[in-house]
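1. structure, please.
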Amino acid sequence: MQKGIRLNDGHVTYLGLLAKKDGTRRGCLSKKSSDNTKWHTKWFALLQNMLFYFENESSSRPSGLYLLEGCICDRAPSPKPSLSAKECLEKQYYFTVSFTHENQKALELRTEDVKDCDEWVAAISHASYRNLATEHETLMQKYLHLLQIVETEKTVAKQLRQQIEDGEIEIERLKSEIHASPAAAPNDDDSEIKKIKKVQSFLRGWICRRKWKTIIQDYIRSPHAESMRKRNQVVFSMLDSEAEYVQQLHILVNNFLRPLRMAASSKKPPITHDDVSSIFLNSETIMFLHQIFYQGLKARIASWPTLVLADLFDILLPMLNIYQEFVRNHQYSLQILAHCKQNRDFDKLLKQYEAKPDCEERTLETFLTYPMFQIPRYILTLHELLAHTPHEHVERNSLDYAKSKLEELSRIMHDEVSETENIRKNLAIERMIVEGCEILLDTSQTFVRQGSLIQVPMSEKGKITRGRLGSLSLKKEGERQCFLFSKHLIICTRGSGGKLHLTKNGVVSLIDCTLMEDPEGTDDEYKSGQDMEHLDFKIVVEPKDSQSFTVILVASSRQEKSAWTSDISQCIDNIRCNGLMMNAFEDNSKVTVPQMIKSDSSLYCDDVDIRFSKMMNSCKVLQIRYASVERLLERLTDLRFLSIDFLNTFLHSYRVFTTADVVLDKLITIYKKPISAIPARSLELFFASSQNSKLLYGEPPSSPRASRKFSSPPPLAIAKNSSPNRRRKLSLNIPIITGGKALDLAALSCSSNGYASMYSSMSPFSKTTLDINKLYVSSPISSKISDEGEDKKDKVEDTSFSLFSYNNGMVMSSCRELDNNRSALSAASAFAIATAGANEGTPTKEKYRRMNGDKEFVIRRAATNRVLNVLRHWVSKHSPDFESNNELKTKVIAFLEEVMHDPELLTQERKAAANIIRTLTQEDHGDNQITLEDVTQLVGGGKTEPFENHSALEIAEQLTLLDHVVFKVIPYEEFFGQGWMKNDKNEKTPYIMRTTKHFNDISNLIATEILHCEDVVSRVAVIEKWVAVADICRCLHNYNAVLEITSSLNRSSVFRLKKTWLKVSKQTKALIDKLQKLVSSEGRFKNLREALKNCDPPCVPYLGMYLTDLAFIEEGTPNYTEDNLVNFSKMRMISHIIREIRQFQQTAYKIDLQPKVAQYLMDRSSVLDEESMYEASLRIEPKMSN
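-> Prediction:
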């Protein structure tokens, strides 16, 4: 008898070496000996379903082989250790390999790492192919079962055929008998037979009806029926939405368009027919189209339950191109409307139309905006329809086609919709101001930011009122709602009903402003307010036609102050640069676009790496729609202009398409190599002159220095007989002040030798000329300057002309409007004058000649100011970038320190760099605001007091405090990319998920508190108290808490308590309806958005509203185009939403923490889950039996 199986030893050895080399799993394991007494360490290698083991890793021949076919591998519990071996066994992890055939002992293995153990178990289980064997066995059983069913069905079919044949034979036999037998005489039994037949017919009908009822009930409960019900509900909702939209278009046409057409035909028309057509565009055609579509929808509903809609969309799609015309010209429409509203007669007439009951207090701008969102509404409706339409449905393909066409149309319109947002924002703010504000009707105004600041009162002499600083009355009475635009700062008070009232000097023109960020030592009384230390900033306003005045504003935190001063300074710098460029490129053209832009086609003409929209930014330059990363970085460092809306959008969104290191490297390159880093076209245009530049500059000198590509004209000179000049401290943002009067830049004249001279009235008694070469002294001490060929020495008073002026530690940015019609000075010359005298002390002749005559020096100064400006904005408004990236922070500090050691650096540039370093390195940001960790630490421990022990006001205040603490720490980086909808959302957006969890926890707490009450009276009391809390939260502008409470009341476990709700008072129910209407998602949270627009921060909005907007933007538009260009228009829309969120994040509530109340709100120990809540609801109010 054969005792063993012969194996090919050589082949097994080969397989062992192959496993050792290429096995799926290899490593050292401890194997239990055959007598179960000892453990031997072997080196194992797994190849397919063969497990080889060697004496050690260097062995060339396997010691043994296990075939793993059909084996089972599982983790095994550790054996109970003896006292002596306890410490050793704690580090061992065991698993066993059991074989299915008999008389095969299980293989026991162990390892020292739990991860290694799990990986071995997974690898061996996979190699055993047990799953395939089990699946094969299952399939064989199913196959055998199906064979049995087929045989059974064949037998039954054969029996049925036999029965049918027998039945047919019996029928033929009965027919023959009937024909053969004579007609039977009627008898009395016929009436009984009829009754029996009637009963049989009734029973057959009852059985059929019962069977059909069962079939119908089964279908009603089926998923298909549920899907069709939801589909019908979507169609009915679509009909209601379409009816509402047609009504809105009807009001637009009948209440505005047609009456204004008649008014335009009157004897004294308040508006022209062209303006009416420009405002309303083709809205009447759109109304007719949707009236037809609405009638078709109603006809389809009349034929319910057969709802066929695809053919309606097939008819509608070709006609929707009229929306492109409406959307493309919508921005121009609002511009014309804003222009017409400057006519008082038209404005009065328009207000009469808007006061009609049909308008429901909605403005004309609102009605003009409705068509903008109709296409996205159709897309969302089709999404819902397709979600509930089966794949085999007859309309599926047609609806898919309609959705794709609408999405294609929406992508074309999407950018156009976003461009009108700024105009609508300006008009909405203008409507809120009771006195009106004509400057907001200027469509070139760009909204920058808004928020609450405290204004310090001033006396008539400009002194700060005594005894008011730091007082509670100042914080209440001095609170102002401030709106910053690209050209103006508007300061208002909030009145009743959310209306705004302009304060005295409430419209501040930034063109006349000087910003002082740290007004130290200016007023001792002002600094006596300890609560406002380091939170104040001053704006000195010096209008041309009225008396100067000062506005002192106090922010709630250093972060908010930094954001305000950074934006105001940036707006002032933009006005300065725009005015400078307008002067440099002025011509006789009537076109409003600056000559600078007309001369550079790259600023408005599409190219392979950039696309423009039709909307202009705050610098009167076309906004970028799509661009490559290189072009975006080029725009960031373009020395001619820097739009604040572009800068905000770029710094918010640069992480999507580049990194912080790339941006910083670009700025460093601009500083170190300004000429090579700036495009040639920018340099040429920066130094471009008007048609008379040759006359202005004269013939260039013949020196080698002047022969460089970017050499400047010779310095301007004066006559030898000029009298001593008296000069005052100047700033680049203001006109040159000489003797108390503005220097007339148009007074430049051309002398016979080509050198220009400037004349200005120096004093009431004498007239003299100003030597540009002597505009360099910044020291208050008189100094003397000698010039070649001139023995006479002139005493010169302190003069400087710079972007930023510093005085006694005050950082100042100021601006004056440059007269476009009077200045013939080029940008290069003006900037050379501006930077000529910024260094302290008396410069050498060579130094000031370089400063005045070297354009490379001008470029370096411009590049340095641009780099410091961008860094200041980045550091002050986006500090988390540096707090989370120490490497970036260190790199910026090292760069700024290198800048400060530059010997050619101007004084104000050195101070600006020092301020940025101080901002980066300061650990205390001065906010002193409580964090969630502080709250958790303060409320930790102790027994939680019950709900009855806290008043509604206390709960509302502490809930508001907690909501804002959770809301304010969300970093804006989490709002990009829809991370909150991904599988790894907790890692990508931890703060958004924490906000969502906090919302759900509070909602669960409220529902649990209601369901814990056993009797109806106590439940009613709890409900009414929570409704009172919601109303107080509404007054505190905590709309998030309002939604937390109303959503908990609408939970199924609470909403089904009919006996409880019957006892709730009518006043409480009315208040609930009011609150639910406020936070309803209807119309894209229309009411909530209106409330947010009319409220002053601090405020806690509902985050889900913004996440919905962001999701719609992310879904509708990609980050990159097909040409791999960045979709910067999308980034701009996201940035606008983030800007609104950050506005509410930055203003904190002045509410003191009450640990006991906060502990109750944060205690989750007694909160029930959803299932437990419903069980508790059924227990306190069982279901009613039918």
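
2. P270 in helix, strand or coil?
-> Assigned with DSSP: H, G, I helix; E, B strand; the rest coil, P270 falls in the coil class.

3. if I look at it, how far off is Y332?
-> Going from P270 to Y332 by CB to CB, to the nearest Å gives 20 Å. Glycine gets a C-beta too; all of them are placed from N, C-alpha and C.

4. now do V12
-> 85 Å.

5. what of K403?
-> K403 is 30 Å from Y332, by CB to CB.

6. neighbour count for the two, which is higher?
-> Using other CB atoms under 10 Å, the more surrounded residue of K403 and Y332 is K403, with 19 against 16.

7. quick check: which element contains that one?
-> Assigned by DSSP states H and E, K403 falls within helix 396-419.

8. average model confidence for the next helix or strand after that helix?
-> Downstream of helix 396-419, the first helix or strand assigned by DSSP H and E is helix 421-432. The average pLDDT within helix 421-432 is 75.

9. who are the packing partners of helix 421-432?
-> Packing contacts for helix 421-432, counted by 3 or more CB pairs under 8 Å, 6 or more residues apart in numbering; DSSP states H and E, involve helix 330-340, helix 364-369, strand 447-456, helix 1082-1094.

10. buried ones in it?
-> 422-432 (16 or more other CB atoms under 10 Å).

11. how far off strand 447-456 does that helix point, in degrees?
-> With axes from the mean of the first three to the mean of the last three CA atoms, to 10 degrees defining the directions, helix 421-432 sits at 40 degrees from strand 447-456.

12. start at 336 instead
-> I'll keep to 336 as the first residue from here, and by that count the last item is helix 756-767.

13. who's in contact with helix 756-767?
-> Around helix 756-767, the neighbours that count as contacts under CB atoms under 8 Å, 6 or more residues apart in numbering are 666, 669-670, 672-673, 698, 700, 704, 771-772, 775-776, 778, 780-782, 818, 820, 825, 833-835, 950, 1428-1429, 1468, 1471.

14. ok, now with 6 Å
-> With contact meaning CB atoms under 6 Å, 6 or more residues apart in numbering, helix 756-767 is reached by 669, 700, 772, 775, 778, 780-782, 818, 835.

15. which of the residues you listed sits closest to W1315?
-> F782 (27.4 Å; CB to CB).

16. how far away is the closest one from I825?
-> The spacing between F782 and I825, counted by CB to CB, is 10 Å.

17. need the contact list for I1010.
-> Applying CB under 6 Å, 6+ apart, the residues near I1010 are I1194.

18. so it is in which element?
-> Using DSSP H and E, I1010 falls within helix 1009-1012.

19. chain center to the host helix or strand of S1464, what's the gap?
-> Assessed by DSSP H and E, S1464 sits inside helix 1463-1481. Helix 1463-1481 sits 5 Å away from the centroid of its parent chain (CA atoms, centre = their mean, to the nearest Å).

20. same check on stretch 1194-1202?
-> Averaging C-alpha coordinates over stretch 1194-1202 and over its chain gives two centres that are 32 Å apart (CA atoms, centre = their mean).

21. contact partners of the helix or strand where R635 lies?
-> Secondary structure from DSSP H and E places R635 in helix 618-637. Helix 618-637 is contacted from outside by 574, 577, 581, 584, 587-588, 642, 647, 651, 654, 657, 706, using CB under 6 Å, 6+ apart.

22. if we can go back for a sec, lowest-confidence one in the contacts of helix 756-767?
-> Out of those, that is T778, at 64.

23. pipe the contacts of helix 756-767 into a markdown table and attach distance to G358 per row.
-> A markdown table is the format used below for these (distance: CB to CB, whole Å):
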| residue | distance to G358 |
| --- | --- |
| L669 | 72 |
| E700 | 73 |
| C772 | 79 |
| L775 | 75 |
| T778 | 73 |
| Q780 | 72 |
| T781 | 67 |
| F782 | 67 |
| F818 | 71 |
| L835 | 77 |
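
24. nearest to K1320 among these?
-> Relative to K1320, the closest of the contacts of helix 756-767 is F782; by CB to CB it sits at 32.2 Å.

25. beta partners of that closest one?
-> For F782, the beta-bridge partners under DSSP bridges are F820.

26. how much space between it and F820?
-> Distance of F782 to F820, given as CB to CB: 6 Å.

27. now swap in A354 and tell me
-> 75 Å.

28. go on, Y1374?
-> 26 Å.

29. swap in T1443?
-> Here the distance between T1443 and F820 works out to 28 Å (CB to CB).

30. the two: who's more crowded?
-> Counted by other CB under 10 Å, T1443 and F820 do not tie: F820 has more neighbours, with 24 against 14.

31. ok, the more buried one touching Q780?
-> Yes - if you go by CB atoms under 6 Å, F820 and Q780 touch, sitting 4.6 Å apart.

32. what's the burial count for G540?
-> 10.

33. okay, and it sits in which element?
-> helix 524-555.

34. so how far is I764 from the closest residue to T984 other than its chain neighbours?
-> Nearest non-adjacent residue to T984, counting by CB to CB, 6 or more residues apart in numbering: S1470, 4.1 Å away. Using CB to CB, S1470 is found at 19 Å from I764.

35. okay, buried residues for the helix holding G540 please.
-> Per 16+ other CB under 10 Å, helix 524-555 contains no buried residues.

36. any idea which helix or strand comes after it?
-> Per DSSP H and E, the helix or strand that comes after helix 524-555 is helix 558-586.

37. who does that next one touch, helix- and strand-wise?
-> helix 618-637, helix 709-722 (3 or more CB pairs under 6 Å, 6 or more residues apart in numbering; DSSP states H and E).

38. deepest-packed of those, please.
-> Comparing those by mean neighbour count (mean count of other CB atoms under 10 Å), helix 709-722 ranks first with a mean of 18.
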